[in-house]
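*Asks:* I would like to see how this sequence folds:
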Amino acid sequence: MKVLMVASECAPFVKTGGLADVVGALPGALAPLGVEAHVLLPAYPPLFPLLPRGKDVAQFDDLPGGPGRLVAVDAQGLKLILLDMPQLFDRPGGLYSDEHGQDFTDNAIRFGALAQAAARAAMGAIDGFSPDVLHAHDWQAALAPVYLRMAGVTQPKTITTIHNIAFQGRFGADEMGRLGLNTDWFHPEGLEFYGDLSFLKGGLAYSDKITTVSPTYAREILTPEFGMGLEGVLQNRAQYLSGLLNGIDTEIWNPAKDDALARRFDARSLNRKAENRAAISERFDLSADSKGPLFCVISRLTEQKGLDALLGAVPHLVERGAQLVVLGSGAPELEEGFRAAAAQYPGNVGVFIGYDEPLSHLLQGGSDAILIPSRFEPCGLTQLYGLRYGTLPVVARTGGLADTVIDANVAAFQAGVATGFMIDAVNYEAIEVAIGRVITAYSDTKLWRGMQRAAMRHDVDWAGSAGAYVALYESLAG
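*Replies:* Predicted coordinates for the structure are as follows:
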């Protein structure tokens, strides 16, 4: 079976978040199950070195934004199809925004071109390539099923996966003509969303199936609290919606083989985590004689992640004898807030504004607990990395966090299955309570080691979800 995946990012080549990790890891998990997945994504500058190694497989003169070509190339174990349109994707800044953090004004055209190229590839533009399923990831790819439906084709079948419904690809209605979309479909049951064009709504309305990245999030987005205005569309199509939990690449995230660690370890050598904690302390000038747990945050600094509430709990955390390290960037007021906390509590709070992949591995390897107080979280990957590294997740009871972490309550302790701690509300008072529970558990070395080993036994790879995706693909392709 052949699947054409369409996405705006893919690890390890280009990444802004968990979407890239999923798109980069899922094809490898599907391969042993008989699925050949090809990933179509834009040729951003970091991918330019791959273009001369590839083979031109299609040429288009009339995509939104002008001419473009598709280049097929194998790299890092992935079968890539790169959309080479330098007029749209060769520019400084990020994948979606300029050097000042402002969204590119032509993002509708950029990702409309990606979606239309994908639809044409799915309909036979590439000689010898006829996918059974087109799998679109998030709003940037969500028009691909729309273009297929506009063409009147019934094969391949289509899936749109929601990685985060808060990001919907919403643009002015005047983009409809520039994108070559059927204006008759600009209505509340189609592409129209409060007077605008919504890429994601199009994918939800016109795909054969809809998935999201955890079972709990699939239920949550049917409600006004989490549906971000699209709950009505999803309620109408609920029979086609399912939640398939993300996994992680357990070769890349393996504490026994991780070159980013000061000292590798496994569940039988958890005492070696102390050497990684020492490396963190040196990197962030933390006091080395702390007897309390070291908490870490590895996240975008946004209110969605509940980090405004966490700021209010930092004094309590330090007063209880714990330490905190933060790695991330985002809202300027949160960046400044954590910098101020580090200045107020030198030796106990450390902050790195930005992102550093090796440092994220070291923080997972040397911290005792990872704080994830998200207001909503479709799946989350950092808690899975924490489980893998025996760094116990402290999470809000929402989305994939609720699906992957077993709270350290009495029954879970007695059964020996507790793997983390739930936060009952996203405010500083509830976070303080959770921090207190962590500190109490940490003081009992035997109990803490048992929780770490239970966490490291937890199944976080792609095996189960990959099988569920195959079953979904087969149900569509017949």
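
*Asks:* who's in contact with residue 324?
*Replies:* 294, 295, 296, 297, 314, 317, 318, 341, 348, 349, 350, 371 (Cβ atoms under 8 Å, 6 or more residues apart in numbering). The C-beta positions use only the backbone N, C-alpha and C, and glycine is treated the same way.

*Asks:* again with residue 151
*Replies:* Per Cβ under 8 Å, 6+ apart, neighbours of residue 151: 119, 123.

*Asks:* do that again at 6 Å, thanks
*Replies:* Residues in contact with residue 151 (Cβ atoms under 6 Å, 6 or more residues apart in numbering): none are found.

*Asks:* could you give the number of residues near the closest residue to residue 153 other than its chain neighbours?
*Replies:* In space, and not counting its chain neighbours, residue 153 is closest to residue 123: 5.9 Å by Cβ to Cβ, 6 or more residues apart in numbering. Using other Cβ atoms under 10 Å, residue 123 is surrounded by 17 other residues.

*Asks:* select the helix or strand of this protein having the lowest average pLDDT value.
*Replies:* Lowest on mean pLDDT, DSSP states H and E among the helices and strands of the chain sits helix 410-415, with a mean of 92.

*Asks:* now the helix or strand following that one: average pLDDT?
*Replies:* Note on helix 410-415: by DSSP states H and E, the next helix or strand toward the C-terminus is strand 421-423. Averaging pLDDT along strand 421-423 yields 98.

*Asks:* try stretch 60-79
*Replies:* Averaging pLDDT along stretch 60-79 yields 97.

*Asks:* which parts of it are buried?
*Replies:* Buried positions in stretch 60-79, judged by neighbour count with 16 or more other Cβ atoms under 10 Å: 60, 63-65, 68-73, 75, 78-79.

*Asks:* now, which of these lie within helices?
*Replies:* Judged by DSSP state H, the buried residues of stretch 60-79 include no members of helices.

*Asks:* filter these down to the ones in strands?
*Replies:* Within these, residues falling in strands by DSSP state E are 60, 63, 68, 69, 70, 71, 72, 73, 75, 78, 79.

*Asks:* tell me the contacts of the last one?
*Replies:* Counting by Cβ under 6 Å, 6+ apart, residue 79 makes contact with residue 38.

*Asks:* try it again with 10 Å
*Replies:* 2, 4, 5, 27, 31, 36, 37, 38, 39, 40, 72, 73 (Cβ atoms under 10 Å, 6 or more residues apart in numbering).

*Asks:* same question for stretch 339-356, mean pLDDT?
*Replies:* Here the average pLDDT along stretch 339-356 is 96.

*Asks:* quick one: terminal-to-terminal distance for it?
*Replies:* 17 Å (Cα to Cα, to the nearest Å).

*Asks:* in strands, which of the contacts of residue 324 appear?
*Replies:* Taking DSSP E, the ones among the contacts of residue 324 that sit in strands are 294, 295, 296, 297, 349, 350, 371.

*Asks:* and which of those residues is nearest to residue 148?
*Replies:* Proximity of these to residue 148 (Cβ to Cβ) peaks at residue 297, which lies at 41.2 Å.

*Asks:* surely that closest one is in contact with residue 374?
*Replies:* No. With contact defined as Cβ atoms under 10 Å, residue 297 does not count as touching residue 374 (11.2 Å).

*Asks:* and stretch 17-34, how far out from the chain middle?
*Replies:* In terms of Cα atoms, centre = their mean, to the nearest Å, the centre of stretch 17-34 is found 12 Å from the chain centre.

*Asks:* the contacts of residue 79 in helices, which ones?
*Replies:* Among the contacts of residue 79, the members falling in helices (DSSP H) are residue 27.

*Asks:* for ChimeraX, write the selection for the buried entries among the contacts of residue 79.
*Replies:* Command for ChimeraX that selects the buried part of these, burial taken from 16+ other Cβ under 10 Å:
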select :2,4,5,27,37,38,39,40,72,73
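
*Asks:* need the pLDDT of residue 52.
*Replies:* As predicted, residue 52 sits at a pLDDT of 98.

*Asks:* would you mind confirming that it is in contact with residue 43?
*Replies:* No. Between residue 52 and residue 43 there is no contact under Cβ under 10 Å: 11.6 Å.

*Asks:* how about the contacts of residue 324 in CSV, adding distance to residue 201 and neighbour count?
*Replies:* Below are the contacts of residue 324 laid out as CSV (distance: Cβ to Cβ, whole Å; neighbours: other Cβ atoms under 10 Å):
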residue, distance to residue 201, neighbour count
294, 43, 25
295, 39, 25
296, 37, 25
297, 33, 22
314, 39, 26
317, 41, 26
318, 45, 18
341, 40, 21
348, 46, 23
349, 42, 24
350, 42, 24
371, 33, 30
